[in-house]
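Student: Predicted model, plus sequence, below.
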Amino acid sequence: YGEWPRTVLWLLQLPVAALLLLRLLRPARRAERLRSPSEGAARPGWWVRAAGRVVAGAVAIGLVIVVVSGRDGGRDRPTHPPATAPHTQETD
């Protein structure tokens, strides 16, 4: 896919990332809420939950940056056909 379809595919990932981040920041179960380690929360579990929230936030920010900048890592179509092409390529 090129140009606008690729951008739409990136945009469709934003709601999923936002919902995941919202779910991690405001869990439904009390046991999954992020309390400070001094309040009796297990230290390894606290760090894992905190790291998961940071990663989900970074992914959401990364998706926004990719969509806004337009640089998504896609390849451009070559301007000339390769030397071993079995037939002529159509160009836009």
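Tutor: Arrived safely. Every value quoted in this text rests on a predicted model; they were computed, and no experiment measured them.

Student: Which strands or helices does the helix or strand containing residue 6 pack on?
Tutor: Residue 6 belongs to helix 4-25 when assigned by DSSP states H and E. Counting by 3 or more CB pairs under 8 Å, 6 or more residues apart in numbering; DSSP states H and E, the packing neighbours recorded for helix 4-25 are helix 43-69. All C-beta spots, glycine's among them, are computed from the backbone N, C-alpha and C.

Student: Next, the angle from the helix it packs on to helix 4-25.
Tutor: Per axes from the mean of the first three to the mean of the last three CA atoms, to 10 degrees, the angle that helix 43-69 makes with helix 4-25 is 150 degrees.

Student: List the buried residues of helix 43-69.
Tutor: If you call a residue buried by 16 or more other CB atoms under 10 Å, then helix 43-69 has these buried ones: 49, 53, 56, 60, 63, 66-67.

Student: tell me what it is packed against?
Tutor: In this structure, helix 43-69 packs against helix 4-25, with contacts taken as 3+ CB pairs under 8 Å, 6+ apart.

Student: avg pLDDT for the helix it packs on?
Tutor: Averaging pLDDT along helix 4-25 yields 86.

Student: Give me the below-cutoff pLDDT ranges for the protein.
Tutor: Scanning the chain for pLDDT under 70 picks out the ranges 1-2, 31-43, 74-78, 81-82, 85-92.

Student: Please repeat the previous calculation with a cut-off of 90.
Tutor: 1-11, 20-53, 63-92 (pLDDT under 90).

Student: re the thing from before, any idea which of the buried residues of helix 43-69 is the one closest to residue 84?
Tutor: Taking CB to CB as the measure, residue 84 lies nearest residue 66 of the buried residues of helix 43-69, at 33.3 Å.

Student: In this structure the closest one contacts residue 72, no?
Tutor: Yes. Using CB atoms under 8 Å, residue 66 is in contact with residue 72, at 5.2 Å.
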